[in-house]
Each structure stands twice: as structure tokens, then as C-alpha cells.
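Undergrad: Let's see this in three dimensions:
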Amino acid sequence: MSLEIASKRIKPLDPQLVNRIAAGEIIQRPFNALKELIENCLDAGSTSINIQIKEGGLKLIQISDNGCGINKEDLKIVCERFTTSKLKEFEDLKSINTFGFRGEALASISHVSRLTIITKTQDSPCAFKAMYSDGKLAKDGIKPCAAASRGTQIIVEDLFYNSSIRRNALKGGSDEFAKIYEVVSRYAIHNYHVGFYLKRIGESSMDLKTPGCSIRSVENENYLQDVIGILYGADMKKELERISVEYDDRLKFEMLAYMTNSRYTQLKQLTFVLFINERLVDCQPIKKSLQNLFQMYLPKSTNPFIYMNLKIDPKNLDVNIHPTKHEVRFLYQDEIISRIEKSFEEKLLDSSTSRSYYVKNLTLDTFIGESQKSQKKSDSQDSEGAKAPIYPYQLTRVDSKERKLDSFLHQTSLNDSIKVINRTKASSQDKCKSMLRGQDFERSFNFKSLNELRENVEKNSSKNLKQVMGDLNFVGCIERELALIQYQTGLYILNTRLLSEELFYQICLFNFGNFGYFNLSEPLDLFDLAIMALNDPRTEWTEEDGPKEKLAKRCAKFLYSKSALLDDYFSIKVTKRVDSEGENKYYLEALPMLIEDYEPDLVDLPLFVIRLATEVEWPNEKECFDSISKEIGYFYAIKNLKYEQDTHNFEENSSQNNDKMNESWMIEHVLYKAFVNMLLPSEENEQQTIFKLVDLSKLCVSCSYFKFFIA
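TA: Residues are numbered from 1 along each chain as shown. Purely as a prediction, here's the structure:
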């Protein structure tokens with residue numbers, strides 16, 4: 001063992017092995033080689049770049065440009081490592097403004113492929129051709145050849161021919177070409193003044209073609225938008241927003257960006273094209289910051305397109321931290337990212353939505369009219385046919401003097417069982433007046449999206465369940481979410497929570513824009529509510545989502561940006577105030593009054609606030625109205641209490657201690673009355689809504705025994 005250890009002497013590696021190891025770090029896949037070659041073309045001042053690919057770049061990469069060309073004398077050493085025209089001493093790194101500077105790109109490519117260069121300068125009478133292997137010029141040397149115009153053509157053949165493990169590990173040609181297309185498209189966006197042409201050998205048409213223009217300038221930025229439209233479609237081009245940050249003397253940076261606004265929701269993955277000082281790079285802190293921002297403004301499972309051109313003082317930028325120059329670091333990173341994020345958020349808040357309409361007026365009369373017509377039709381059919389005999393055991397036993405289930409249980413008032421935030425109540429007369437927002441007429445909205453949602457409710461309603469709701473006898477509450485009712489000779493359990501959730505959702509649609517206000521005694525800080533929600537395990541917050549305080553501020557600011565819509569259509573009043581330190585604060589002042597004598601359980605208010613900001617499909621009108629109505633329905637629905645019973649003092653009021661405020665009274669006389677008069681129960685939830693407990697006609701007991709049974 002000791003002899004083996006002693007024999008392991010340190011010795012220098014063979015230079016050829018060193019070069020191949022270094023080449024493997026830089027040229028990992030075909031698109032890495034093409035990226036280096038494109039940057040060389042751009043450094044040469046090219047205005048046209050033509051690329052041809054075979055088998056995903058593994059068989060052939062051919063790139064031609066019209067740049068300045070390479071001098072004949074430089075062809076001898078152009079593929080040797082650390083030969084460059086862009087860097088002379090270490091201090092030059094502080095002001096480097098070209099793509100390449102280490103002189104490793106062509107050397108690395110020549111160590112893993114068969115490389116050919118054909119080039120012509122402006123002053124040269126002809127072109128010259130040279131072939132390379134392992135960084136060395138081939139024995140044939142440099143040969144003159146014919147060429148019509150200046151520029152350089154580089155041909156890379158049989159990539160990784162001498163590294164079978166690397167070649168076998170790569171994916172198929174189509175996957176490699178997809179990465180090549182992505183790289184070329186990103187350079188085409190940023191260098192929109194350059195004409196890019198990409199074609200697969202054997203295909204009849206170009207895969208990518210951009211027009212180019214005379215010069216890259218503000219006046220020609222329409223060409224940039226045209227390129228994005230060519231690559232990603234005309235729909236994306238229409239929704240692009242320009243963002244800019246003027247040069248900051250202290251941070252020494254400036255930014256130009258284009259992004260898709262909140263109306264564009266077709267991308268399932270984030271497309272982030274970032275150039276820093278003309279270099280295509282990745283910066284995870286910037287990317288993560290913008291991802292967190294857009295999560296607040298876009299629907300779930302949708303992402304934006306972002307192109308960003310960031311210019312930073314070269315003295316503040318470190319580009320020499322990665323072999324492929326894929327990552328960079330810079331000074332004042334946190335401050336610069338904060339400025340960038342702020343500029344994006346301001347643009348998102350300013351973006352508006354489109355709307356289309358058609359004229360068709362639907363009211364709550366439509367809600368009830370259909371069931372009344374069907375009931376009349378049913379009655380007329382029964383009168384025409386012969387009446388079947390009805391036996392006593394088939395009769396429904398209903399008597400207004402019958403004792404309810406509650407009379408056998410301990411009475412508990414709403415005051416003893418509900419923990420709520422302290423608030424004032426309007427008088428019953430004021431409530432009735434505010435149901436139409438203090439107006440003398442009911443407002444009518446003829447939005448196409450709204451009418452489609454209403455029609456969908458009617459189409460998917462359950463006639464059987466509606467019939468039960470119209471002729472039920474309320475027996476009592478089993479718990480807050482479940483009630484016992486009698487319909488004909490059957491005893492049923494109804495899911496009050498699901499029914500109330502549907503009720504409030506439908507009220508939002510059919511009484512759209514005509515709600516009263518339920519005013520809170522004191523405005524509630526939206527930031528505090530959002531923090532409470534993020535601390536709730538149901539929101540499933542993780543550290544990857546970002547700091548809670550930052551998310552809460554963003555949530556409050558975002559809801560204020562939607563305050564006009566929320567107030568006008570849903571009576572959710574959000575206001576802004578400036579505190580003593582000059583900072584904006586956002587408050588919730590009122591909620592919609594959907595039905596009289598019913599107040600939502602405000603314990604879930606923080607969750608309602610955070611869900612309004614994150615779960616609503618804001619960019620699309622129909623999905624927006626639908627999701628807001630669903631969130632209101634979920635918040636207002638009656639639920640079992642899952643919090644501590646020993647609460648703070650509820651406002652002393654004698655009316656809270658009488659029978660009217662008893663929660664069982666409220667469920668029976670407010671909710672179930674609304675179910676009968678207003679609700680179109682959903683056919684989809686029918687199985688979860690009603691459960692038949694027993695058929696009373698099959699019980700051979702007297703009425704007195706029946707009373708004992710339900711007790």
C-alpha cells in the first residue's frame with residue numbers, strides 16, 4: 001500500500017489534455033460553440049449573419065458574416081489559447097466592452113472539432129482559407145481562395161468527434177437545434193440592427209430571418225418589436241410595454257426593457273432575455289425578483305416575456321467569473337435591482353384592460369322566473385291527469401307549531417360563538433336604503449362576459465334541488481355547515497356552506513354593481529391583513545416566495561390599483577392615506593352588503609384579502625368577474641368555527657342578545673329564505689349538497705314518536 005502511495009508523484013499534464021479539458025468547460029453543447037462564434041461576428045462589426053446547421057450542430061455549424069475579417073498574419077495563431085486582439089493587460093478588464101477577451105473560443109472549438117476559417121479583409125486582394133486541429137494550423141497551411149466580399153466564414157464539423165462520451169450524452173439533433181434557435185433568437189432581439197438568418201441544411205425554408213436596420217437607436221426600436229413579433233407572434237407584439245430607467249449618476253447604470261403586460265397570458269414559462277453591457281448573461285437575483293413581482297399581477301400558470309438591456313459602468317462589472325462568461329456580478333446589485341423592480345411595477349399598474357360588450361339585460365327576475373314557470377307547467381300537467389290516491393303515511397307532516405331541533409339543544413347566541421373584528425352596524429332602515437347604493441334606480445350592466453356567466457349559472461342549475469329548496473321545512477342546524485330539513489316524506493341533510501357559497505357567488509353576478517356597503521368601524525391596514533394571511537398555513541408561503549413584508553406591501557399596493565373596479569362593481573372600498581413619514585398606506589374601509597341581516601365571519605378577512613390579490617384572473621374581464629365573485633362567495637359562506645372561543649369583547653348591543661341575532665335564527669330565516677327565493681343550486685355540486693337521511697313514510701311510528709326521533 002505504501003509503495004502505491006509513494007508512486008503517485010505529482011507531474012504536469014500533457015498540454016493537449018489540458019486544452020481538451022478547458023475546451024470541455026467552454027464548449028459543452030453545440031449552442032455554446034455557436035454563441036461564441038456569433039459574438040465574434042458582432043465584435044467584427046457585422047450587419048448580416050448567416051447560420052446553417054446540420055444534425056443539431058453536431059455534424060455541421062457554418063456561420064458567415066460581413067464583418068472586418070481576419071488578417072492573413074493572424075490566421076497562424078488565431079486558434080491558439082489566450083490569443084486575442086481585445087485585451088493586453090489585466091487593467092483592461094475594468095473597461096472591457098467586447099464579448100470575447102480571453103482568446104479561448106476558437107481554440108476550444110478547434111480542440112473538439114474539425115475547424116475551417118475562410119476570411120477576407122477590406123484591403124486583401126483575395127480571401128484566405130485555413131484548417132485547424134487541436135489549436136494548431138494544419139500542415140496544408142494558409143491557402144488563397146476566391147471571395148466576393150469581405151467577411152469571415154467559419155465551418156465547424158464533427159463536433160466532439162474525439163470525445164465519444166460527451167457526444168453520446170447529448171440529446172438528439174432536434175433538441176440541440178431548439179437550443180441553437182433560442183440562442184440565435186435572443187441575439188437577434190438585442191441586435192435588431194443586424195440581419196440574422198438561420199437554416200437547417202436539407203430544409204427548404206429559413207427557420208429564422210430578421211430584417212435588420214441601419215443603426216440601433218431609439219428611433220428604430222420598432223424593428224426590435226418587429227423581431228419579437230417574428231419570433232413569438234403578432235399577439236405578443238401588440239401587448240409589449242416599453243420600460244426605461246435613465247442613467248443614474250450614483251449607481252452608474254441605465255436600463256431599457258420590453259415586457260408583455262398583464263393582458264398577455266399565453267406563456268406558460270418565463271422568457272427572460274437579459275443583456276448586460278451587450279453580453280447575453282443570466283442574473284438569478286434579477287430574474288427571481290421579477291418572477292415574484294409578476295406573480296402578483298398575472299394569473300396562475302402564466303408568465304411574462306421580458307427583454308432587458310442593462311448598461312453598467314464597466315468598472316463596476318466583473319465579467320471574469322465564469323468560463324463561458326454566462327454569469328456576471330456588479331456593484332450596488334441590491335439597489336439596482338430595486339430600481340428595476342420599481343420601474344416594472346409602475347408599468348404593470350399603469351397597464352389597462354380591454355373590454356367588449358353586447359346588449360342583453362338580465363336581472364334577478366330571470367333568476368326566479370324560470371323556476372316559477374316550470375312550477376306552473378308542472379301544476380297544469382298534474383291537474384290534467386287523473387289524481388292518484390294519497391295514503392296517510394305519504395303525507396308530509398308540517399305544522400308551524402312543531403318544535404324545531406334547536407329547542408332540544410342548548411341555545412347559543414351569535415355573540416357567544418363568533419370571534420369578529422369590532423365594527424359598527426347600520427340600522428335596518430339604512431341597510432335597506434344602501435342595498436342600491438343610495439340610488440333611486442338599479443344600475444344595469446350589459447357586459448358580454450357578465451351575461452355569459454349568468455347564462456352559465458342558469459344552464460348548469462339543478463331543477464331537482466331547486467324544487468327541494470322551494471318546498472322544504474327547516475328542522476334545525478346540526479352544525480354551522482349542516483342543516484336538517486324535511487321535504488315531502490324525506491328527512492335530508494343539506495350542506496349550508498356549499499349552498500351559501502353558491503348563493504353569494506350568484507348574487508355577485510345577478511346584482512352586479514348594486515350592492516350596499518358594510519362599513520367597518522375602523523379602516524383596516526391592508527399590509528397588516530396581508531401579513532396575517534401569509535402567517536396562515538393555508539396560504540402555503542415559503543421562503544422562495546420572498547420576504548413576507550415585501551409581499552404584503554406589494555399586495556396592498558396592487559389592490560389599491562384595482563380600487564376603482566372593486567368599489568364600483570363589488571362595493572369593496574380600498575383607500576390610500578399618507579402617514580406622518582410620508583409613506584403611502586392602504587386601507588380596507590367597506591365590504592359589500594349582499595343580503596340584509598347577514599354579516600360575514602371576518603376571521604377569514606386576511607385570507608380573503610391575499611386571495612383577491614393572488615387568485616383573481618385580473619387581465620381577462622370574464623375570468624376577473626368570475627374569480628372575484630367566487631372569492632366573495634367563499635369568504636361570505638357560512639363555515640364551522642375553527643378558532644378559539646375565548647375572544648375579545650364584541651360590541652355591547654342589546655339587539656345582539658335577542659333571538660334575531662341567534663345564529664340558528666340567521667341560518668333559518670336569512671340564509672334559507674334566500675336559498676328559496678334567489679338560489680339556483682348547481683347541478684355539479686348536487687351530490688355534495690344534499691343527503692337523504694331517511695324516508696319517513698317507511699317508519700311505522702306515530703307523529704309523537706317522530707318528534708322523539710328527531711330529538
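Undergrad: by contact count, what packs against the helix or strand where Val457 lies?
TA: In the assignment (DSSP states H and E), Val457 maps to helix 448-459. Counting contacts by 3 or more Cβ pairs under 8 Å, 6 or more residues apart in numbering; DSSP states H and E, helix 448-459 is packed against helix 364-384, helix 496-510, helix 621-636. Bear in mind the C-beta positions are built from the backbone N, C-alpha and C, glycine included.
Undergrad: These: lowest mean pLDDT?
TA: When mean pLDDT is averaged over each of the helices and strands packed on helix 448-459, helix 364-384 scores lowest at a mean of 46.
Undergrad: Any idea how far stretch 221-241 is from the middle of the chain?
TA: 21 Å (Cα atoms, centre = their mean, to the nearest Å).
Undergrad: Can you give me the first-to-last residue distance of stretch 529-542?
TA: Separation of the first and last residues of stretch 529-542 by Cα to Cα, to the nearest Å is 18 Å.
Undergrad: Keeping just the C-alphas, turn the helix holding Val457 into PDB.
TA: Only the C-alpha atoms of helix 448-459 are listed here, as PDB (Å, rounded to 0.1, in the frame of the first residue of the first chain):
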ATOM      1  CA  LYS A 448     -70.900  40.300 -22.700                       C
ATOM      2  CA  SER A 449     -68.700  38.500 -20.100                       C
ATOM      3  CA  LEU A 450     -71.200  39.100 -17.300                       C
ATOM      4  CA  ASN A 451     -74.100  37.800 -19.300                       C
ATOM      5  CA  GLU A 452     -72.200  34.700 -20.300                       C
ATOM      6  CA  LEU A 453     -71.500  34.000 -16.600                       C
ATOM      7  CA  ARG A 454     -75.200  34.500 -15.700                       C
ATOM      8  CA  GLU A 455     -76.300  32.200 -18.500                       C
ATOM      9  CA  ASN A 456     -73.800  29.600 -17.400                       C
ATOM     10  CA  VAL A 457     -75.400  29.600 -13.900                       C
ATOM     11  CA  GLU A 458     -78.800  29.100 -15.300                       C
ATOM     12  CA  LYS A 459     -77.700  26.400 -17.700                       C
END
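Undergrad: Next SSE downstream of it?
TA: helix 463-470.
Undergrad: mean confidence score for that following helix?
TA: What helix 463-470 shows for mean pLDDT is 85.
Undergrad: Show me what the helix or strand just after that helix packs onto, helices and strands only.
TA: Per DSSP H and E, the first helix or strand lying C-terminal to helix 463-470 is strand 473-479. Counting contacts by 3+ Cβ pairs under 8 Å, 6+ apart, strand 473-479 is packed against strand 482-487, helix 663-666.
Undergrad: Identify whichever of those lies nearest to Phe344.
TA: Among the helices and strands packed on strand 473-479, helix 663-666 comes nearest to Phe344, with 46.5 Å by Cβ to Cβ.
Undergrad: tell me the mean pLDDT over the following helix or strand past the closest one?
TA: With elements assigned by DSSP H and E, the helix or strand that comes after helix 663-666 is helix 672-678. Taken as a whole, helix 672-678 carries a mean pLDDT of 87.
Undergrad: now swap in stretch 34-49 and tell me
TA: For stretch 34-49, the mean pLDDT works out to 93.
Undergrad: So which bits of that stretch are buried?
TA: By neighbour count on 16 or more other Cβ atoms under 10 Å, the buried set for stretch 34-49 is 34-44, 46-47, 49.
Undergrad: Among those, which are located in strands?
TA: Ile49 (DSSP state E).
Undergrad: ok, so of the buried residues of stretch 34-49, who is nearest Ile26?
TA: Closest approach to Ile26 among those (Cβ to Cβ): Glu36, at 7.4 Å.
Undergrad: Would you confirm that that closest one contacts Ile26?
TA: Yes. Counting by Cβ atoms under 8 Å, Ile26 is a contact partner of Glu36 at 7.4 Å.
Undergrad: Need the overlap of contacts for these two.
TA: Jointly contacting Glu36 and Ile26 under the rule Cβ atoms under 8 Å, 6 or more residues apart in numbering are 105, 108.
Undergrad: ok, of the helices and strands packed on strand 473-479, where does mean pLDDT dip lowest?
TA: When the helices and strands packed on strand 473-479 are compared on mean pLDDT, helix 663-666 scores lowest, with a mean of 80.
Undergrad: And it, what does it pack against?
TA: Secondary-structure packing of helix 663-666 (3+ Cβ pairs under 8 Å, 6+ apart): helix 414-417, strand 473-479.
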